[in-house]
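K.L.:
Here's my sequence, what's the structure:
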Amino acid sequence: QVQLVESGGGSVQAGGSLRLSCTSSGYTDSIYRMGWFRQAPGKGREGVAWIYKGSGSTSVAESVKGRFTISQDNAKGTVYLQMNTLKPEDTGMYYCAARTTSDTIYKHWGQGTQVTVSS
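P.N.:
Here you go, the predicted model:
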């Protein structure tokens, strides 16, 4: 099993920055890819950024391109989401998730961390 714990959320004004962290534990050698997802009030969950654990290759959603960056420190078992130039529409609960080599979907999820951006 893989356990994930997010941290770093908070309240900021538009234009500000936050850095989210996601620390993994358990059977982390099985992790293949990590992702950040978010869910705004009354909306569905959407993918924000992804990173392959082995290669470090990354991708981000069009809605956050140029503002958000995903990175990792494998020695610490931690994935980061650097969020710059935040907008009110970035408000939501942010979750990290892990996909292992035996999964076809993101099966392991953290409890989430709240991000609130005020105008």
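K.L.:
now the strands for this protein?
P.N.:
Taking DSSP state E as the test, the strands found in the chain are 2-7, 10-13, 18-26, 31-39, 45-52, 58-60, 68-73, 78-83, 92-100, 108-109, 113-118.
K.L.:
Pipe those strands into CSV and attach mean pLDDT per row.
P.N.:
Shown next, in CSV, are these (pLDDT from 0 to 100):
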stretch, mean pLDDT
strand 2-7, 97
strand 10-13, 98
strand 18-26, 97
strand 31-39, 97
strand 45-52, 97
strand 58-60, 98
strand 68-73, 98
strand 78-83, 98
strand 92-100, 97
strand 108-109, 96
strand 113-118, 98
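K.L.:
Tell me the bridge partners for the residue nearest the centre of the chain.
P.N.:
Nearest to the geometric centre of the chain sits residue 36, at 2.5 Å (CA atoms, centre = their mean). Taking DSSP bridges as the rule, residue 36 bridges to residue 49, residue 96.
K.L.:
now residue 5
P.N.:
residue 23.
K.L.:
what residues are up against it?
P.N.:
22-23, 25, 110-111 (CB atoms under 8 Å, 6 or more residues apart in numbering). Bear in mind the C-beta positions are built from the backbone N, C-alpha and C, glycine included.
K.L.:
Which two of these have the greatest separation?
P.N.:
Among these, the pair separated by the greatest distance (CB to CB) is 25 and 111, at 13.5 Å.
K.L.:
number of nearby residues for the nearest residue to residue 101 once chain neighbours are set aside?
P.N.:
Spatial nearest neighbour of residue 101, excluding adjacent residues (CB to CB, 6 or more residues apart in numbering): residue 32 at 4.9 Å. Using other CB atoms under 10 Å, residue 32 is surrounded by 13 other residues.
K.L.:
Settle this for me: residue 32 is touching residue 55, isn't it.
P.N.:
No - assessed by CB atoms under 8 Å, residue 32 is found out of contact with residue 55, at 10.5 Å.
K.L.:
Any idea how many residues pack against residue 53?
P.N.:
22.
K.L.:
Let me fix that, I meant to ask about residue 99.
P.N.:
There are 21 residues near residue 99, going by other CB under 10 Å.
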